[in-house]
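S.K.: Structure, please.
(chains A and B)
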Amino acid sequence: MDELNEQQVAYGVNAGNAIPPDWLAEFEAAARRPLETHFRYAFIRTYKPVLDDAPFRAFDTTADYRRWCEENLPDWLGYGRV
Amino acid sequence: MGAFEYRQAQEIRDGFQRHGVRYLFLGKSGAILLGFPDTTQDADLFVEKTAENCAALVEALRELGFALNEAQAAEVRRGKDFIQLKNGPFDLDLIFAPDGIERFADAWRRRVEVEGFPVCHLDDIIASKAATNRQKDRESLPRLRSFRDYWMQRHRP
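M.R.: Prediction:
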């Protein structure tokens, strides 16, 4: 068993939830980075149609917001409920 | 407008502290502050919904450079459940009633502080994403749950 697989056993809550080795490697790598560097890798900027087209939106309830997303945003943005 | 920067997160932290705003980083932006390696675009803030806190929030947002007119400021003061701001130096989602989290006070008690940033516990971030049940959240949840196991192991007392 290599080092990563040993860690996989150590970190998994149980066998069914063991952390995949590639994810574990990414978690470990991220933990070694200063937060500022981690931020630079994590936050990206792309244009999201409709969503980015108004400077301000307010919804009375979170349910109203979810409904608005489903009715107005393109499906491929992923804001629709499953 | 570019991507959200660490410097801007610091501005939120410092500005909100000056005005006494009670809030928590939530969503993937919160998870990223806890070390989660993934990508996102916006910062999500879970804000305590009290009249005093919402009034302080308006002042803090204006100081940060958000161009809130009076009608918009009134909506923030009323603590509408979900507010999207794209009229400032960075995009911000203000969430006063996130799915999956009953009360701000409970999340506040479970919060994690990272470099002075108040962040929802990963269990709350996961609960919120699971309750939302959006396609994009469903896709990110397995990896986020694995990160939660990893993070809990590293931060075990």
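S.K.: What pLDDT does the model give B:Ala67?
M.R.: With respect to pLDDT, B:Ala67 scores 96.
S.K.: Could you point out the helix or strand that follows the strand or helix carrying B:Phe46?
M.R.: Per DSSP states H and E, B:Phe46 falls inside strand B:43-47. Toward the C-terminal end, the helix or strand that comes next after strand B:43-47 (DSSP H and E) is helix B:51-64.
S.K.: Any residue of the helix or strand that that following helix is followed by touching chain A?
M.R.: The C-terminal neighbour of helix B:51-64 among helices and strands, as given by DSSP H and E, is helix B:70-78. Yes: under the criterion of Cβ under 8 Å from any Cβ of the partner chain, chain A is reached by helix B:70-78 at B:72, B:75-76. Backbone N, C-alpha and C define where each C-beta goes, glycine included.
S.K.: Need these in TSV (columns: neighbour count and pLDDT).
M.R.: Shown next, in TSV, are the residues of helix B:70-78 next to chain A (neighbours: other Cβ atoms under 10 Å in any protein chain shown; pLDDT from 0 to 100):
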residue	neighbour count	pLDDT
B:Gln72	20	97
B:Glu75	20	96
B:Val76	23	97
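S.K.: closest to B:Ser29 among the residues you listed?
M.R.: Using Cβ to Cβ, B:Val76 is the member of the residues of helix B:70-78 next to chain A that lies nearest B:Ser29, at 19.1 Å.
S.K.: In which helix or strand does the closest residue to B:Lys129 other than its chain neighbours reside?
M.R.: The shortest distance from B:Lys129 to any non-neighbouring residue, by Cβ to Cβ, 6 or more residues apart in numbering or on different chains, is to B:Asp137 (4.1 Å). Using DSSP H and E, B:Asp137 falls within helix B:135-154.
S.K.: elements contacting that helix?
M.R.: Identification of packing neighbours for helix B:135-154 by 3 or more Cβ pairs under 8 Å, 6 or more residues apart in numbering or on different chains; DSSP states H and E yields helix A:3-11, helix A:21-32, helix B:27-33, helix B:122-132.
S.K.: So what touches the shortest one?
M.R.: Contact partners of helix B:27-33, identified using Cβ atoms under 8 Å, 6 or more residues apart in numbering or on different chains, comprise A:35, A:38-39, A:42-43, B:4, B:9, B:24-25, B:36, B:38, B:40, B:42-44, B:93, B:114, B:117, B:119-120, B:122, B:125, B:128-129, B:140, B:144, B:147.
S.K.: Whichever residue of chain A sits closest to chain B - how many residues pack around it?
M.R.: The minimum distance from chain A to chain B, using Cβ to the nearest Cβ, falls at A:Gly78 (3.2 Å). Look at A:Gly78: counted by other Cβ atoms under 10 Å in any protein chain shown, it has 16 neighbours.
S.K.: For the residue lying closest to it once chain neighbours are set aside, grab the count of nearby residues.
M.R.: Leaving aside its chain neighbours, A:Gly78 sits nearest to B:Lys136 (3.2 Å; criterion: Cβ to Cβ, 6+ apart). Residues within reach of B:Lys136, counting by other Cβ under 10 Å, total 16.
S.K.: I figured the residue nearest to B:Lys129 hits B:Ala127, correct?
M.R.: No: using Cβ atoms under 8 Å, B:Asp137 is not in contact with B:Ala127; the gap is 11.2 Å.
S.K.: Of these two, which one has the most company?
M.R.: Neighbour totals were compared for B:Asp137 and B:Ala127, and B:Asp137 leads with 22 against 18 (other Cβ under 10 Å).
S.K.: Residue in chain B with the shortest distance to chain A?
M.R.: B:Lys136 (3.2 Å).
S.K.: who's in contact with that residue?
M.R.: Taking Cβ under 8 Å, 6+ apart as the test, what B:Lys136 contacts is A:77-79.
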